[in-house]
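Visitor: All I have is the shape, not the residue letters:
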């Protein structure tokens with residue numbers, strides 16, 4: 001399946017509202033005017049289904065049984081999440097900065113993954129990655 005992407009946005013300026021509007025984001029390379037220190041992403045605007053042709057997308061997930069959302073990079077072949085950031089107090093944070101989050105931390109994908117809804121991952125906070133549960 002092919003997908004369409006929207007306008008590039010500087011990674012540090014992407015908010016949870018952006019991730020809720022478009023639950024899949026792709027790294028953007030060669031953005032005009034960007035410096036070597038700046039990273040951009042582009043939203044996937046025509047689907048909410050992560051597919052194998054999407055190379056390492058960032059996806060939106062909800063922390064199960066909480067009001068928190070996260071963004072994380074998803075590696076399709078290994079079904080692992082990395083670069084996990086929690087949206088808290090109007091900014092991105094690490095799990096450790098939110099004391100009420102206790103293990104086990106389960107994340108539920110907002111977009112479908114390969115046509116499956118509510119894919120769940122368990123986070124290993126110490127190693128900063130999440131593994132898809134069967």
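Guide: Good, I have the coordinates. Just so it is clear, the model here is predicted, and its values are computed rather than measured.
Visitor: Residue 123 should be in a strand, yeah?
Guide: Yes. Looking at residue 123 with DSSP: H, G, I helix; E, B strand; the rest coil, it is inside a strand.
Visitor: just checking, it touches residue 101?
Guide: No. Counting by Cβ atoms under 8 Å, residue 123 does not reach residue 101; the two are 9.1 Å apart. (Glycine included, C-beta is placed from N, CA and C.)
Visitor: Tell me which of the two has more neighbours.
Guide: The residue with more neighbours, out of residue 123 and residue 101, is residue 123; 24 against 16, by other Cβ atoms under 10 Å.
Visitor: counting contacts, what elements does the helix or strand of the chain with the lowest mean pLDDT pack onto?
Guide: Of all helical and strand segments in the chain, the minimum by mean pLDDT, DSSP states H and E falls on strand 129-132, at a mean of 82. In terms of contacts (3 or more Cβ pairs under 8 Å, 6 or more residues apart in numbering; DSSP states H and E), strand 129-132 is packed against strand 80-88, strand 120-124.
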